[in-house]
Structure formats: structure tokens, C-alpha cells
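Chemist: sequence unknown, structure follows:
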């Protein structure tokens, strides 16, 4: 059974998971034996610490790697943008994915001016001396 099927099998045992996106080195195809599993999920309800730890344990046991689990409800920029840009959707409807993209675009529009200003200040401090 391939990695995506093993992940989906574990997720299917948990109710309320609306979306799952694999990202990071495993999604890019450049994982090493030491690489962890980077997985972003969105549930019907907020992900509790207990549910998160249980899911991390089950996923880690099923795939034999450490797991970094991100709750899409609280993921902000720039992480959300990286998940959407480089990730592979394993679960989730097109409409839920479209809503997530819309949220990303609004948050990015709010976040990017600050990022540009900070980068410009850093460049000026580094080059301007």
C-alpha cells in the first residue's frame, strides 16, 4: 500500500476530517529516510490537543515516520501559502479547497505588505551599511 493510501486509511477512522493536504519533502518527492510527514488537515470542529496527539500517534505508527500535523483552521501566512503551493490534496471537496484558497488570498493580501516592508528594511540594513 502506498503512502497516500496509508494516510487516507488512518484519516478515514476519524470522523469530521474535511480536508487533508500532504506537503513538505514527501509531497515534493525529495524525502530522505529521516524526513517527517508534513500533513495539514481541516476538521468540522476545532482540533483538540488530545485529538491531535492521537492522530499523530496513529499516523506515525502507520507510516513509520515522525508526523508534523497542522490544523488548517489556524494556519496562517506564510505557512498556508506554502501548503497550498507545494501540497498535494489527499482529501477534501473542490468547494472546501476553493474556500481555503480564498482565505489564503485574503490573508496574503493583508500579510504581504508587511513582509515586503520587513524584507526591504533588512536589505537596507545589510546593504546600506
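Modeler: Okay, I see it. Please read all numbers here as calculations on a predicted model, not as lab measurements. Residues are numbered from 1 along each chain as shown.
Chemist: Mind checking what secondary structure the residue most central in space within the chain has?
Modeler: For the chain, the residue nearest the mean C-alpha position is residue 40 (3.4 Å; Cα atoms, centre = their mean). Put simply, residue 40 is strand when judged by DSSP: H, G, I helix; E, B strand; the rest coil.
Chemist: for residue 74, same thing?
Modeler: Going by three-state DSSP: residue 74 is coil.
Chemist: Please read off the pLDDT at it from the model.
Modeler: Residue 74 is assigned a pLDDT of 93 by the prediction.
Chemist: Could you check how far it is from residue 103?
Modeler: Counting by Cβ to Cβ, to the nearest Å, the gap from residue 74 to residue 103 is 12 Å. To be clear about C-beta, it is placed using only N, CA and C from the backbone, and glycine gets the same treatment.
Chemist: coming back round to it: contacts only, for the residue nearest to the centre of the chain.
Modeler: 19, 20, 21, 23, 69, 70, 71, 72, 75, 83, 87 (Cβ atoms under 8 Å, 6 or more residues apart in numbering).
Chemist: Between residue 74 and residue 103, which has more neighbouring residues?
Modeler: Neighbour count, other Cβ atoms under 10 Å: between residue 74 and residue 103, residue 103 has more, with 17 against 9.
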